[in-house]
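# Give the three-dimensional model of this entry:
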Amino acid sequence: MSHLPFSIDDRTQLYAERRSLAIESQLGFGQDGFVYGTSNKTAIKCLHSLELYRRELAVYLHLQERNVKKIHDFHVPQLIDYDDMLLVIEMTVVTPPYVLDFAGAFLRPCLDHFSQEDLDEWRKEKEEQFEDDWPRVKLMMAAFEGLGVYLSDIHPRNVACYH
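Residues are numbered from 1 along each chain as shown. Okay, the predicted model is just below:
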């Protein structure tokens, strides 16, 4: 977890105060961090570790440089602001269909870390999770790879296929 002097709640609140935002709701949480909705109708994500923060921010900056707002018909959150000291990223809120949460993404291929057996098991799990939408999700992932972004944390909470 974090070796920062402040808790996630403290860092989130400090970020919001510095930008005159009010935290309105918790939008999500997971092993990477917590996401909150703000009075500005943005989302702020406070990450547990510097490594996750750097990885996610690098992907957002990479996508911002390429002006990526959608991949196929999947909305991509837009980077609004960030704070390197607080490990907070602020982004737009997106509606389905969307792809989000880039803390598990890489700007280089990462498949060499996995055995063929692991990859086969992962694909089978994703086919079951996404059912008829799996071909659409695979196309979206391939489009991200074409931009140099390799997604690894793919599941229905991070990828919403419905309209």
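# Nearest to the spatial middle of the chain, which residue is it?
Asp101 (1.3 Å; CA atoms, centre = their mean).
# So that residue is in contact with Asp32, correct?
Yes - applying CB atoms under 8 Å as the test, Asp101 and Asp32 come out as touching, 7.0 Å apart. Glycine gets a C-beta too; all of them are placed from N, C-alpha and C.
# Mutual contacts of those two, please.
Glu56 (CB atoms under 8 Å, 6 or more residues apart in numbering).
# Centroid-wise, who is the farthest residue in the chain?
Of all residues in the chain, Glu117 has its C-alpha farthest from the mean position, at 26.2 Å, by CA atoms, centre = their mean.
# so that one is in which element?
Per DSSP states H and E: Glu117 is located in helix 116-130.
# just the CA coordinates of that helix, formatted as CSV?
Coordinates of each C-alpha in helix 116-130 appear next as CSV, following Å, rounded to 0.1, in the frame of the first residue of the first chain:
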residue,chain,number,x,y,z
GLN,A,116,0.6,-19.4,-23.0
GLU,A,117,-1.5,-21.4,-20.4
ASP,A,118,-2.0,-18.2,-18.4
LEU,A,119,-3.0,-16.3,-21.5
ASP,A,120,-5.5,-19.0,-22.6
GLU,A,121,-7.0,-19.0,-19.2
TRP,A,122,-7.3,-15.2,-19.2
ARG,A,123,-9.0,-15.2,-22.6
LYS,A,124,-11.5,-17.9,-21.5
GLU,A,125,-12.3,-15.9,-18.4
LYS,A,126,-12.9,-12.7,-20.5
GLU,A,127,-15.1,-14.6,-23.0
GLU,A,128,-17.2,-15.7,-20.1
GLN,A,129,-17.3,-12.2,-18.5
PHE,A,130,-18.2,-10.3,-21.7
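# Flag every buried residue along the helix or strand following that helix.
Tracing the chain past helix 116-130, the next element assigned as helix or strand by DSSP H and E is helix 134-146. Buried residues in helix 134-146, counted by 16 or more other CB atoms under 10 Å: 136-137, 140-141, 143-144.
# any chance of those residues in CSV, with pLDDT and distance to Ser20 too?
Output for the buried residues of helix 134-146, formatted as CSV (pLDDT from 0 to 100; distance: CB to CB, whole Å):
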residue, pLDDT, distance to Ser20
Arg136, 96, 39
Val137, 96, 38
Met140, 97, 35
Met141, 95, 38
Ala143, 97, 37
Phe144, 97, 34
